[in-house]
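Quick one: sequence and predicted model below, then my questions.
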Amino acid sequence: MPEPPTLLPPDSYNQVLLSQVHPPDWANPQPADCYDLLVIGAGTAGLVAAAGTAGLGLGLKVALVERHLMGGDCLNVGCVPSKCIIRSSRIAAEMHHAEAYGVIPPASVVVDFAAVMERMRRLRAEISPADSALRLQSLGVDVFFGEGQFVDAHTLTVEGQFLHFKKAVIATGARAAHPDIPGLQEVGFLTNETVFSLTERPPRLAVIGGGPIGCEMAQTFQRLGCQVILLHRGHQLRTAEQRLDQHIQRQGTGHLAALVPAHAIGQGPQAQVGTADQGVLVVRAYLASHALRGEDHGDRGRLGHAANP
């Protein structure tokens, strides 16, 4: 069995999550002679494919292979955590404008960023049994943790075991692409895979990419008390939503249109982002949200090739 991933911070909620989506004591089952369906990747698509096939009542043999965390992006670093902190940020924003609803707001609204992130981790852990290894096992799916490698068109090896199959579904998903900005790799940056591990609020945050995820995170972190600068290409954030640009700015986010980050300098409190036409902006952290790349691209991600023994 591969070593289970490390989830940060290592609190009780993340330990519960890990026990569900990559149990440290999990033992891969003895493979069936031949699976009717092999599913690679236990994100949303993979879970639906595996559970749906096993639940048809036809006695089909199904195997599910995952090398990291069951639940994929949605549970761990996407839909669930983002909507949790968005809800908290919306409460903060509504308190600022409560008088419009006939409610006298407090003199000041204080956001406890650590508590916001702890709430997210608690809710994520509570939801995790739905995507767990034990639940899929209870549905009749053989769950394997490890790196999958194709031996031939109908054989996959995982942790030294050979899984023979008739059909396969490759549902390995995507992960954040790293922007090609000189200096960014050296100073370090956050992506959707790491931003939800934060326990302290960065006072200044540069969000790279004005797409849906970038806008969502820029607005959320601004509402939670960060000073956010949103960097993106183009003269407006979304072609179909011209008013979104003004709305984001009304939230307090510094939006720089038609701006492409040119270089990153320094680390920690001294981190800076240099731009082609706006000089140097001082930030505390970078969040890259501009694009995704397929999990099986580049280094082939989860999928490799093994020699046929």
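Okay, I see it.

Sketch out the strands for the stretch 1-150 of the chain, chain order is fine.
For the stretch 1-150 of the chain, the strands defined by DSSP state E, counting those that start in this stretch occupy 35-40, 62-66, 141-145, 148-152.

Can I get the second one in PDB? Just the C-alpha atoms.
Going back to what we said before, that points to strand 62-66. This file holds the C-alpha atoms of strand 62-66, laid out as PDB (Å, rounded to 0.1, in the frame of the first residue of the first chain):
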ATOM      1  CA  VAL A  62     -16.300  -3.500 -10.700                       C
ATOM      2  CA  ALA A  63     -12.900  -2.300  -9.500                       C
ATOM      3  CA  LEU A  64     -12.000   1.300  -8.600                       C
ATOM      4  CA  VAL A  65      -8.300   2.500  -8.500                       C
ATOM      5  CA  GLU A  66      -7.300   5.700  -6.700                       C
END
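
How about residue 132: what's its closest non-neighbour residue?
Distance criterion CB to CB, 6 or more residues apart in numbering; nearest residue to residue 132, sequence neighbours excluded, is residue 20 at 3.9 Å. C-beta here means a position set from N, CA and C on the backbone, and glycine is covered the same way.

could you show me where the helices are in the stretch 151-300 of the chain, in order?
For the stretch 151-300 of the chain, the helices defined by DSSP state H, counting those that start in this stretch occupy 184-187, 212-223, 243-250.

Now for the nearest residue to residue 133 once chain neighbours are set aside: which residues touch it?
In space, and not counting its chain neighbours, residue 133 is closest to residue 143: 4.7 Å by CB to CB, 6+ apart. Residues counted as contacts of residue 143 (CB atoms under 8 Å, 6 or more residues apart in numbering) are 26, 28, 29, 42, 63, 64, 66, 70, 133, 136, 137.

now do residue 165
Contacts of residue 165 (CB under 8 Å, 6+ apart): 34, 35, 36, 37, 38, 63, 154, 155, 156.

how near is the second one to residue 139?
Per CB to CB, to the nearest Å, residue 35 is found 14 Å from residue 139.

The last one too?
Taking CB to CB as the measure, residue 156 falls 20 Å from residue 139.

Comparing the two, which shows the higher neighbour count?
A direct count of neighbours by other CB atoms under 10 Å for residue 156 and residue 139 places residue 156 higher, at 24 against 17.

So the more buried one is in contact with residue 163, correct?
Yes. When contacts are counted by CB atoms under 8 Å, residue 156 is listed as touching residue 163 (4.7 Å).

where do the contact lists of the two overlap?
Overlap between the contact sets of residue 156 and residue 163, as judged by CB under 8 Å, 6+ apart, is given by 38, 65.

now the end-to-end length of stretch 187-198.
Stretch 187-198 has an end-to-end distance of 17 Å (CA to CA, to the nearest Å).

buried residues in it?
187, 189, 190, 191, 192, 195, 196, 198 (16 or more other CB atoms under 10 Å).

For the fourth one, which residues are in contact?
Just to be clear, that refers to residue 191. 175, 176, 178, 287, 288, 289.

got it, and the last one?
The neighbourhood of residue 198, defined by CB under 8 Å, 6+ apart, consists of 113, 117, 190.

how about those in TSV, adding pLDDT and distance to residue 74?
Shown next, in TSV, are the contacts of residue 198 (pLDDT from 0 to 100; distance: CB to CB, whole Å):
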residue	pLDDT	distance to residue 74
113	98	23
117	98	18
190	88	19
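
of these, closest to residue 55?
For the contacts of residue 198, the closest approach to residue 55 (CB to CB) belongs to residue 117, at 35.4 Å.

Next one: residue 187 from residue 159, what distance?
Taken as CB to CB, the span from residue 187 to residue 159 is 37 Å.

Quickly list the domain ranges of this structure.
1-174+293-309, 178-290 (automatic domain parsing).

right, and residue 64 touches residue 48 too?
No. Counting by CB under 8 Å, residue 64 stays clear of residue 48, with 11.0 Å between them.

Comparing these two, which shows the higher neighbour count?
Each of residue 64 and residue 48 has its neighbours counted (other CB under 10 Å); residue 64 has more, 30 against 13.
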